[in-house]
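S.K.: using only what follows, build the 3D model:
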Amino acid sequence: METIALRTARWHAVVDAQLGGALLELSHGSEPVLRPATQDGIRRAGVRASACYPLVPFANRIGYGRMAVAGREYVLRANFPPEPHAVHGIGWQLPWTVVEQDRTAAELLLRYAGDSPGEWPFAFDAHQRFELRPSGLRITLSLVNRDRSAWPGGIGLHPFFPVGSGQTLQFEADGAWQNGPDQLPRRRVAGAEWDFRQPRRIADLDLDNDFYHWNGLVRIAGGSAGTVRIAASEVFPVLRVFTPPGRGFIAVEPVSHAADAVNRAAEDASGYRLLAPGESLCGRVCIELEGCA
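M.R.: Presented below is the predicted three-dimensional model:
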């Protein structure tokens, strides 16, 4: 593994460029802030056992791997067995290149030619920059269309947070998409069940949903490291929340579009975005502890 260790006086992060450009660890002192990867976990599940990985050139699911762009039909490989969908783009399954690093920061590059049958059919560049600061970690993720035609692009991050019985989750959004049996969005919902403006106990939740018109802030309180604050820039208007019961972690994913947005382009709040040749998307996510400065 080509790993990079980043350090400040209190923070420690480990990046693995070869393993999908993933984070393996983010800790403050001796306390994990992200779920740490283990050698056994990586052997069994690869990058899915990491602490955080990038979502490019799309986030979440493209239903059954099928999409139409400019009147042409494309079929993408189902890359997340046993699901029948194309999931989380392809950046998490490819090695990245280290282009810059020092004691507290690293930048990675992924160049993709768009010529692999069954994979994403369009060329792009993606960059990730990891920066440790006194308050925590800032990740900048960007995607550039390097193809000769326009295509639907998206970005996101998939961080995993360790949780115990007493922790709470808090964020503000207008509502969520309720999934069908195939885990694709079926309808928008709101109301008390989907309201997280006040802290709610994570142990009581069972979610794998997109929340729309998210305000860009999340608080996870009650953990051993303190209160974790996730702050994302405006390019991420959708929040995916995954809270599998009894697994000891949750995923809180800032994304630029909702699941299957390419097949729901006309739907309000889907986040669908068509990138012209040379056009880019860029966003930042900060994972911090409240009270650190």
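
S.K.: please count neighbours and contacts with C-alpha atoms only from this point.
M.R.: Will do.

S.K.: could you check how far the most far-flung residue of the chain relative to its centre is from F58?
M.R.: In terms of distance from the mean C-alpha position of the chain, G71 ranks first, at 28.9 Å (C-alpha atoms, centre = their mean). Distance of G71 to F58, computed by C-alpha to C-alpha, to the nearest Å: 19 Å.

S.K.: cool, and R48?
M.R.: Going from R48 to F58 by C-alpha to C-alpha gives 16 Å.

S.K.: more crowded one of these two?
M.R.: Set R48 next to F58 and count neighbours by other C-alpha atoms under 10 Å: F58 wins out with 29 against 20.

S.K.: show the pLDDT at the more buried one.
M.R.: In this model, F58 is scored at 97, pLDDT.

S.K.: please report the distance of it from V87.
M.R.: In this structure, F58 and V87 are 8 Å apart, going by C-alpha to C-alpha.

S.K.: for stretch 149-165, buried residues please.
M.R.: Across stretch 149-165, burial judged by 16 or more other C-alpha atoms under 10 Å covers 150-164.

S.K.: same check, this time on stretch 281-289
M.R.: Buried residues in stretch 281-289, counted by 16+ other C-alpha under 10 Å: L281, C282, G283, R284, V285, C286, I287, E288, L289.

S.K.: which ones among those are found in helices?
M.R.: Among those, DSSP state H puts none in helices.

S.K.: and which of these is nearest L23?
M.R.: When those are compared for distance to L23 (C-alpha to C-alpha), I287 wins out at 12.4 Å.

S.K.: so what's the closest one closest to, chain neighbours aside?
M.R.: Take I287 and drop its neighbours on the chain: the residue closest to it by C-alpha to C-alpha, 6 or more residues apart in numbering is I230, 4.8 Å away.

S.K.: given the helix or strand containing that neighbour, what are its sheet partners and their directions?
M.R.: Applying DSSP states H and E as the criterion places I230 in strand 226-232. Partners of strand 226-232 in the sheet, by DSSP bridges, are strand 217-223 (antiparallel), strand 280-289 (antiparallel).

S.K.: out of those, flag the one nearest L207.
M.R.: When the strands paired with strand 226-232 are compared by C-alpha to C-alpha, strand 217-223 sits nearest L207, at 15.3 Å.

S.K.: quick one: residues in contact with the closest one.
M.R.: By C-alpha atoms under 8 Å, 6 or more residues apart in numbering, the residues outside strand 217-223 that reach it are 163-164, 166-172, 227-232.

S.K.: nearest to A123 among these?
M.R.: Nearest member of those to A123, counting by C-alpha to C-alpha, is A232, at 26.2 Å.
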